[in-house]
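Colleague: Output the structure for:
(2 chains)
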Amino acid sequence: MAGTALRGRLTWQLAELVRAVAETPRVKTIVFDVPGWPGHRAGQHVDVRLTAEDGYQAERSYSIASAPDGTRVALTVQRLEDGEVSPYLTGELRPGDKIELRGPIGGYFVWEPSEGGPLMLVAGGSGIVPLMAMIRTRAAAGDDTETRLLYSSRSQHDVIYRDELERLSGNGLTVVHALTDSQPPGWTGYARRVDAEMLAEVSPSPAERPRSYACGPTPFVEAVAESLVRLGHDTRAIKTERFGPTGG
Amino acid sequence: MGELMLDGNAIAGLLQEVFAVEMTTAIGTCGRCGAAGPVGAAHVYRGAGIVLRCPHCNNLLAKIVKNDSRAWIDFQGIRTLQVAV
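Modeller: Presented below is the predicted three-dimensional model:
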(Lines give C-alpha, C1' and ligand atoms only; values in the text may rest on other atoms or scores of the structure.)
Protein backbone atom coordinates (compact mmCIF):
# COMPACT_ATOMS: atom_id res chain seq x y z
CA MET A 1 0.00 0.00 0.00
CA ALA A 2 1.09 3.54 -0.67
CA GLY A 3 1.66 4.35 2.98
CA THR A 4 4.32 1.75 3.51
CA ALA A 5 5.96 2.11 0.13
CA LEU A 6 6.20 5.88 0.05
CA ARG A 7 7.18 7.04 3.49
CA GLY A 8 10.49 6.94 5.20
CA ARG A 9 14.07 7.63 4.33
CA LEU A 10 15.47 5.72 1.40
CA THR A 11 18.19 3.23 2.15
CA TRP A 12 20.55 1.43 -0.18
CA GLN A 13 20.24 -2.31 -0.04
CA LEU A 14 21.79 -5.29 -1.73
CA ALA A 15 19.85 -6.97 -4.51
CA GLU A 16 20.86 -10.31 -5.98
CA LEU A 17 20.46 -11.05 -9.66
CA VAL A 18 18.19 -14.05 -10.14
CA ARG A 19 18.13 -14.18 -13.92
CA ALA A 20 18.66 -12.11 -17.04
CA VAL A 21 16.56 -12.33 -20.19
CA ALA A 22 17.47 -10.78 -23.55
CA GLU A 23 14.53 -8.78 -24.87
CA THR A 24 16.15 -7.32 -28.00
CA PRO A 25 19.81 -7.15 -29.12
CA ARG A 26 20.28 -4.00 -27.00
CA VAL A 27 17.83 -4.56 -24.19
CA LYS A 28 17.84 -6.98 -21.27
CA THR A 29 15.47 -7.69 -18.42
CA ILE A 30 17.30 -8.33 -15.17
CA VAL A 31 15.34 -9.85 -12.29
CA PHE A 32 16.53 -9.24 -8.73
CA ASP A 33 15.64 -10.67 -5.37
CA VAL A 34 15.49 -7.80 -2.89
CA PRO A 35 15.14 -8.99 0.72
CA GLY A 36 12.55 -6.96 2.58
CA TRP A 37 11.17 -5.34 -0.57
CA PRO A 38 8.04 -3.45 0.61
CA GLY A 39 6.20 -3.85 -2.69
CA HIS A 40 5.73 -1.20 -5.36
CA ARG A 41 3.19 0.49 -7.59
CA ALA A 42 3.30 0.35 -11.37
CA GLY A 43 5.33 3.25 -12.75
CA GLN A 44 7.73 3.55 -9.82
CA HIS A 45 11.48 3.27 -10.29
CA VAL A 46 14.61 2.31 -8.39
CA ASP A 47 17.99 3.96 -8.16
CA VAL A 48 20.93 1.65 -8.88
CA ARG A 49 24.41 2.44 -7.57
CA LEU A 50 27.66 0.89 -8.73
CA THR A 51 30.92 1.42 -6.88
CA ALA A 52 34.29 0.97 -8.55
CA GLU A 53 37.34 -0.37 -6.73
CA ASP A 54 38.72 3.14 -6.36
CA GLY A 55 35.48 4.27 -4.68
CA TYR A 56 34.04 6.06 -7.71
CA GLN A 57 30.26 5.72 -7.70
CA ALA A 58 27.77 5.94 -10.54
CA GLU A 59 24.04 6.14 -9.94
CA ARG A 60 21.15 5.70 -12.39
CA SER A 61 17.38 5.41 -12.20
CA TYR A 62 15.55 2.50 -13.83
CA SER A 63 11.83 1.94 -14.10
CA ILE A 64 10.44 -1.21 -12.55
CA ALA A 65 9.09 -3.48 -15.28
CA SER A 66 7.30 -6.07 -13.18
CA ALA A 67 3.99 -6.12 -11.37
CA PRO A 68 4.36 -6.48 -7.60
CA ASP A 69 5.63 -10.01 -6.90
CA GLY A 70 6.96 -10.52 -3.40
CA THR A 71 10.66 -9.72 -3.19
CA ARG A 72 11.23 -10.02 -6.96
CA VAL A 73 11.89 -6.82 -8.89
CA ALA A 74 12.47 -6.81 -12.65
CA LEU A 75 14.22 -3.95 -14.45
CA THR A 76 14.51 -3.70 -18.21
CA VAL A 77 17.69 -1.93 -19.24
CA GLN A 78 18.80 -0.63 -22.61
CA ARG A 79 22.52 -0.87 -23.23
CA LEU A 80 24.09 2.50 -24.01
CA GLU A 81 27.53 1.87 -25.48
CA ASP A 82 29.09 4.92 -23.85
CA GLY A 83 27.17 4.46 -20.61
CA GLU A 84 28.74 3.93 -17.20
CA VAL A 85 26.11 1.64 -15.74
CA SER A 86 24.01 -0.01 -18.44
CA PRO A 87 26.89 -1.95 -20.11
CA TYR A 88 27.66 -3.54 -16.74
CA LEU A 89 24.02 -4.35 -15.93
CA THR A 90 23.32 -5.83 -19.36
CA GLY A 91 26.69 -7.41 -20.10
CA GLU A 92 28.66 -8.39 -17.03
CA LEU A 93 26.23 -9.02 -14.21
CA ARG A 94 25.67 -12.76 -13.59
CA PRO A 95 23.07 -14.62 -11.52
CA GLY A 96 24.18 -14.53 -7.89
CA ASP A 97 25.95 -11.17 -8.32
CA LYS A 98 24.80 -8.34 -6.08
CA ILE A 99 24.29 -4.66 -6.75
CA GLU A 100 23.07 -1.80 -4.58
CA LEU A 101 19.63 -0.37 -5.18
CA ARG A 102 17.04 1.71 -3.35
CA GLY A 103 13.34 2.09 -3.83
CA PRO A 104 10.57 1.98 -4.72
CA ILE A 105 10.75 5.65 -5.70
CA GLY A 106 8.19 8.10 -7.04
CA GLY A 107 4.47 8.54 -6.62
CA TYR A 108 3.56 10.79 -9.53
CA PHE A 109 4.00 8.65 -12.65
CA VAL A 110 2.11 5.67 -11.23
CA TRP A 111 -1.12 3.89 -11.92
CA GLU A 112 -3.11 1.35 -9.96
CA PRO A 113 -6.26 -0.48 -11.07
CA SER A 114 -8.25 1.35 -8.37
CA GLU A 115 -7.57 4.65 -10.19
CA GLY A 116 -9.55 3.46 -13.20
CA GLY A 117 -9.34 4.71 -16.76
CA PRO A 118 -9.65 4.70 -19.62
CA LEU A 119 -5.89 4.62 -20.01
CA MET A 120 -3.86 6.00 -22.89
CA LEU A 121 -0.26 4.78 -22.74
CA VAL A 122 2.29 6.15 -25.19
CA ALA A 123 5.78 4.64 -25.29
CA GLY A 124 8.88 5.55 -27.26
CA GLY A 125 11.50 2.77 -27.29
CA SER A 126 12.46 1.67 -23.79
CA GLY A 127 9.84 4.12 -22.49
CA ILE A 128 7.62 1.07 -22.60
CA VAL A 129 9.09 -0.21 -19.31
CA PRO A 130 7.00 1.63 -16.67
CA LEU A 131 3.94 1.34 -18.91
CA MET A 132 4.50 -2.42 -19.11
CA ALA A 133 4.44 -2.52 -15.31
CA MET A 134 0.99 -0.91 -15.52
CA ILE A 135 -0.17 -3.42 -18.15
CA ARG A 136 1.19 -6.34 -16.12
CA THR A 137 -0.33 -5.03 -12.89
CA ARG A 138 -3.67 -4.64 -14.65
CA ALA A 139 -3.45 -8.21 -15.99
CA ALA A 140 -2.34 -9.68 -12.65
CA ALA A 141 -5.29 -8.03 -10.93
CA GLY A 142 -7.72 -9.36 -13.53
CA ASP A 143 -8.61 -5.73 -14.19
CA ASP A 144 -10.35 -4.84 -17.46
CA THR A 145 -9.83 -1.06 -17.48
CA GLU A 146 -9.97 0.07 -21.10
CA THR A 147 -6.33 0.57 -22.04
CA ARG A 148 -4.76 1.68 -25.32
CA LEU A 149 -1.03 1.36 -25.82
CA LEU A 150 0.61 3.24 -28.67
CA TYR A 151 4.18 1.98 -28.85
CA SER A 152 6.80 3.49 -31.15
CA SER A 153 9.89 1.46 -32.05
CA ARG A 154 12.50 1.75 -34.79
CA SER A 155 11.87 -1.71 -36.20
CA GLN A 156 10.11 -4.92 -35.28
CA HIS A 157 13.38 -6.25 -33.81
CA ASP A 158 13.46 -3.34 -31.38
CA VAL A 159 10.01 -4.04 -29.94
CA ILE A 160 10.44 -4.98 -26.28
CA TYR A 161 7.94 -7.47 -24.78
CA ARG A 162 6.48 -8.15 -28.24
CA ASP A 163 5.12 -11.64 -27.55
CA GLU A 164 3.80 -10.81 -24.11
CA LEU A 165 1.99 -7.73 -25.40
CA GLU A 166 0.34 -9.85 -28.05
CA ARG A 167 -0.67 -12.40 -25.45
CA LEU A 168 -2.11 -9.78 -23.09
CA SER A 169 -4.09 -8.02 -25.83
CA GLY A 170 -7.86 -8.25 -25.56
CA ASN A 171 -9.90 -7.98 -22.39
CA GLY A 172 -9.89 -4.20 -22.81
CA LEU A 173 -6.24 -3.85 -23.86
CA THR A 174 -5.48 -2.64 -27.39
CA VAL A 175 -1.85 -2.55 -28.52
CA VAL A 176 -0.91 -0.43 -31.54
CA HIS A 177 2.64 -0.39 -32.85
CA ALA A 178 4.35 2.31 -34.89
CA LEU A 179 7.58 1.24 -36.61
CA THR A 180 9.47 4.36 -37.60
CA ASP A 181 12.58 3.20 -39.47
CA SER A 182 11.85 -0.17 -41.06
CA GLN A 183 8.86 -2.42 -41.33
CA PRO A 184 8.59 -6.16 -42.01
CA PRO A 185 7.08 -7.30 -45.33
CA GLY A 186 3.31 -6.96 -45.35
CA TRP A 187 3.28 -4.48 -42.41
CA THR A 188 -0.08 -2.74 -42.30
CA GLY A 189 0.44 -0.77 -39.08
CA TYR A 190 1.81 2.74 -38.66
CA ALA A 191 5.14 3.36 -40.37
CA ARG A 192 5.97 6.83 -39.10
CA ARG A 193 6.69 8.73 -35.91
CA VAL A 194 3.86 9.31 -33.47
CA ASP A 195 1.96 12.45 -34.43
CA ALA A 196 -1.29 14.19 -33.51
CA GLU A 197 -3.28 12.39 -36.18
CA MET A 198 -2.10 9.00 -34.90
CA LEU A 199 -2.87 9.94 -31.29
CA ALA A 200 -6.36 11.07 -32.31
CA GLU A 201 -6.95 7.72 -34.00
CA VAL A 202 -5.66 5.57 -31.15
CA SER A 203 -6.59 7.50 -28.00
CA PRO A 204 -9.95 7.57 -26.29
CA SER A 205 -11.54 10.95 -27.08
CA PRO A 206 -11.03 13.90 -24.71
CA ALA A 207 -14.72 13.54 -23.75
CA GLU A 208 -13.92 10.11 -22.28
CA ARG A 209 -11.36 11.82 -20.03
CA PRO A 210 -8.55 9.29 -20.42
CA ARG A 211 -5.56 9.25 -18.09
CA SER A 212 -2.55 9.55 -20.36
CA TYR A 213 0.99 8.41 -19.58
CA ALA A 214 3.82 9.15 -21.99
CA CYS A 215 7.34 7.82 -21.51
CA GLY A 216 10.41 7.91 -23.72
CA PRO A 217 13.21 10.20 -24.88
CA THR A 218 12.55 13.87 -24.08
CA PRO A 219 11.78 15.04 -27.67
CA PHE A 220 9.34 12.13 -28.11
CA VAL A 221 7.49 12.88 -24.87
CA GLU A 222 7.41 16.61 -25.71
CA ALA A 223 5.78 15.90 -29.06
CA VAL A 224 3.24 13.51 -27.57
CA ALA A 225 2.26 15.80 -24.69
CA GLU A 226 1.90 18.84 -26.97
CA SER A 227 -0.21 16.87 -29.44
CA LEU A 228 -2.51 15.53 -26.71
CA VAL A 229 -3.08 19.04 -25.38
CA ARG A 230 -3.75 20.32 -28.91
CA LEU A 231 -6.31 17.54 -29.37
CA GLY A 232 -8.18 18.85 -26.36
CA HIS A 233 -6.99 16.55 -23.58
CA ASP A 234 -6.74 17.98 -20.07
CA THR A 235 -3.12 18.88 -19.26
CA ARG A 236 -3.56 17.65 -15.69
CA ALA A 237 -4.50 14.17 -16.93
CA ILE A 238 -1.30 13.82 -18.97
CA LYS A 239 1.66 12.46 -17.03
CA THR A 240 5.10 12.36 -18.54
CA GLU A 241 8.40 10.67 -17.86
CA ARG A 242 11.25 11.95 -19.96
CA PHE A 243 14.47 9.99 -20.32
CA GLY A 244 16.68 12.80 -21.57
CA PRO A 245 18.30 13.00 -24.99
CA THR A 246 19.34 9.40 -25.48
CA GLY A 247 16.94 7.36 -23.43
CA GLY A 248 17.46 4.68 -20.80
CA MET B 1 12.88 23.42 -23.52
CA GLY B 2 15.97 21.55 -24.51
CA GLU B 3 16.61 17.88 -24.99
CA LEU B 4 18.08 17.71 -21.51
CA MET B 5 14.82 18.53 -19.81
CA LEU B 6 13.46 15.88 -17.46
CA ASP B 7 10.48 15.68 -15.12
CA GLY B 8 10.27 16.10 -11.37
CA ASN B 9 9.88 12.36 -11.03
CA ALA B 10 13.46 12.00 -12.28
CA ILE B 11 14.70 13.44 -8.99
CA ALA B 12 12.21 11.59 -6.77
CA GLY B 13 15.00 9.59 -5.15
CA LEU B 14 17.06 12.65 -4.30
CA LEU B 15 14.03 14.47 -2.87
CA GLN B 16 13.02 11.49 -0.77
CA GLU B 17 16.60 11.17 0.43
CA VAL B 18 16.47 14.75 1.69
CA PHE B 19 12.88 15.01 2.94
CA ALA B 20 12.24 11.37 3.95
CA VAL B 21 8.84 11.52 2.28
CA GLU B 22 7.64 10.99 -1.28
CA MET B 23 7.80 14.49 -2.77
CA THR B 24 6.74 14.14 -6.41
CA THR B 25 3.06 14.09 -5.39
CA ALA B 26 3.52 17.20 -3.21
CA ILE B 27 1.71 20.19 -4.73
CA GLY B 28 3.84 23.26 -5.29
CA THR B 29 2.57 26.73 -6.15
CA CYS B 30 4.69 28.85 -8.45
CA GLY B 31 5.71 32.13 -6.88
CA ARG B 32 5.39 33.96 -10.19
CA CYS B 33 2.33 32.67 -12.10
CA GLY B 34 0.51 31.07 -9.18
CA ALA B 35 -0.04 27.76 -10.97
CA ALA B 36 -0.25 24.81 -8.59
CA GLY B 37 0.85 21.34 -9.60
CA PRO B 38 2.67 18.21 -8.48
CA VAL B 39 6.44 18.43 -8.10
CA GLY B 40 6.62 15.40 -10.41
CA ALA B 41 5.35 17.55 -13.27
CA ALA B 42 7.96 20.32 -12.80
CA HIS B 43 10.60 20.64 -15.49
CA VAL B 44 14.00 19.47 -14.30
CA TYR B 45 17.42 20.30 -15.71
CA ARG B 46 20.52 18.51 -14.49
CA GLY B 47 23.93 20.05 -14.60
CA ALA B 48 26.42 20.77 -11.84
CA GLY B 49 23.25 21.04 -9.76
CA ILE B 50 19.56 20.49 -10.36
CA VAL B 51 17.17 23.22 -11.48
CA LEU B 52 13.38 22.95 -11.24
CA ARG B 53 11.24 25.20 -13.41
CA CYS B 54 7.51 25.87 -13.55
CA PRO B 55 5.95 23.90 -16.45
CA HIS B 56 3.53 26.80 -17.06
CA CYS B 57 5.67 29.95 -16.97
CA ASN B 58 9.23 28.56 -16.84
CA ASN B 59 9.89 30.45 -13.59
CA LEU B 60 12.87 29.17 -11.59
CA LEU B 61 11.25 27.21 -8.75
CA ALA B 62 14.20 25.68 -6.96
CA LYS B 63 17.87 24.78 -7.17
CA ILE B 64 19.44 21.79 -5.49
CA VAL B 65 23.13 21.02 -5.11
CA LYS B 66 24.30 17.92 -3.32
CA ASN B 67 27.56 16.31 -2.38
CA ASP B 68 28.19 13.13 -0.41
CA SER B 69 27.15 14.52 2.94
CA ARG B 70 25.05 17.66 2.44
CA ALA B 71 22.39 19.13 0.19
CA TRP B 72 21.80 22.84 -0.47
CA ILE B 73 18.26 23.68 -1.50
CA ASP B 74 17.14 27.08 -2.75
CA PHE B 75 13.34 27.31 -2.93
CA GLN B 76 13.25 30.85 -4.24
CA GLY B 77 10.36 30.38 -6.68
CA ILE B 78 7.95 28.19 -4.75
CA ARG B 79 5.28 30.08 -2.81
CA THR B 80 3.75 27.07 -1.02
CA LEU B 81 4.37 23.37 -0.85
CA GLN B 82 1.55 21.05 0.16
CA VAL B 83 2.85 17.71 1.44
CA ALA B 84 0.93 14.60 2.50
CA VAL B 85 1.47 13.91 6.21
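
Colleague: quick one: low-confidence parts of chain B?
Modeller: Scanning chain B for pLDDT under 70 picks out B:1-3.

Colleague: Can you say which helix or strand has the residue nearest to A:Val202 when sequence neighbours are not counted in it?
Modeller: Leaving aside its sequence neighbours, A:Val202 sits nearest to A:Leu150 (Cβ to Cβ, 6 or more residues apart in numbering or on different chains; 4.7 Å). Every residue, glycine included, has its C-beta placed from N, CA and C. Assigned by DSSP states H and E, A:Leu150 belongs to strand A:147-153.

Colleague: Pull up the pairing partners for that strand, direction included.
Modeller: strand A:119-124 (parallel), strand A:173-179 (parallel) (DSSP bridges).

Colleague: after it, next one along is what?
Modeller: Remark: after strand A:147-153, the chain's next helix or strand is helix A:162-168, criterion DSSP H and E.

Colleague: Mind giving me the packing neighbours of that next one?
Modeller: Helices and strands touching helix A:162-168, by 3 or more Cβ pairs under 8 Å, 6 or more residues apart in numbering or on different chains; DSSP states H and E, are helix A:128-140, strand A:173-179.

Colleague: As TSV, the ones you listed with mean pLDDT and mean neighbour count would be great.
Modeller: Formatted as TSV, the helices and strands packed on helix A:162-168 follow (pLDDT from 0 to 100; neighbours: other Cβ atoms under 10 Å in any protein chain shown):
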stretch	mean pLDDT	mean neighbour count
helix A:128-140	98	24
strand A:173-179	98	19
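
Colleague: quick one: which of those is nearest A:Tyr108?
Modeller: Nearest to A:Tyr108, of all the helices and strands packed on helix A:162-168, is helix A:128-140, at 11.3 Å by Cβ to Cβ.

Colleague: Who are the packing partners of that closest one?
Modeller: Helix A:128-140 is packed against strand A:57-63, strand A:72-78, strand A:119-124, strand A:147-153, helix A:162-168, strand A:173-179, strand A:211-216, with contacts defined by 3+ Cβ pairs under 8 Å, 6+ apart.

Colleague: Can you tell me the SS state at the residue of chain B found nearest chain A?
Modeller: Of all residues in chain B, the one sitting closest to chain A is B:Gly40 (2.6 Å; Cβ to the nearest Cβ). When classified by DSSP: H, G, I helix; E, B strand; the rest coil, B:Gly40 comes out as helix.

Colleague: Would you mind listing the residues in contact with the residue nearest to it when sequence neighbours are not counted?
Modeller: Excluding the flanking residues, the one nearest B:Gly40 by Cβ to Cβ, 6+ apart is A:Tyr108, at 2.6 Å. Contacts of A:Tyr108 were listed using Cβ atoms under 8 Å, 6 or more residues apart in numbering or on different chains, and they are A:239, B:7-9, B:12, B:24-25, B:38-41.

Colleague: circling back to that earlier point, dump the helices and strands packed on helix A:162-168 to JSON lines, plus distance to A:Ala223.
Modeller: Formatted as JSON lines, those follow (distance: least, Cβ to Cβ, whole Å):
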{"stretch": "helix A:128-140", "distance to A:Ala223": "17"}
{"stretch": "strand A:173-179", "distance to A:Ala223": "12"}
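
Colleague: which parts of stretch A:154-168 are buried?
Modeller: Neighbour counts over stretch A:154-168 (16 or more other Cβ atoms under 10 Å in any protein chain shown) mark A:158-162, A:165, A:168 as buried.

Colleague: for chain B, what are the nearby residues on chain A?
Modeller: When proximity is defined by Cβ under 8 Å from any Cβ of the partner chain, chain A lies next to chain B at A:6-10, A:45, A:47, A:61, A:102-103, A:105-109, A:218-219, A:222, A:236, A:239-245.

Colleague: Tell me how many other residues crowd A:Arg211.
Modeller: Using other Cβ atoms under 10 Å in any protein chain shown, A:Arg211 is surrounded by 21 other residues.

Colleague: quick one: it and A:His233 touch, right?
Modeller: No: applying Cβ atoms under 8 Å, one finds A:Arg211 not in contact with A:His233, separated by 9.8 Å.

Colleague: List the contacts of the most centrally placed residue in chain B.
Modeller: Nearest to the mean C-alpha position of chain B, by Cα atoms, centre = their mean, lies B:Leu52 at 4.5 Å. Each residue near B:Leu52 by Cβ under 8 Å, 6+ apart is listed here: B:8, B:11, B:39, B:42-44, B:60-64.

Colleague: so which of those residues comes closest to A:Pro130?
Modeller: B:Gly8 (14.9 Å).

Colleague: Relative to chain B, which residue of chain A is the closest?
Modeller: Ranked by Cβ to the nearest Cβ, the top residue of chain A for proximity to chain B is A:Tyr108, at 2.6 Å.
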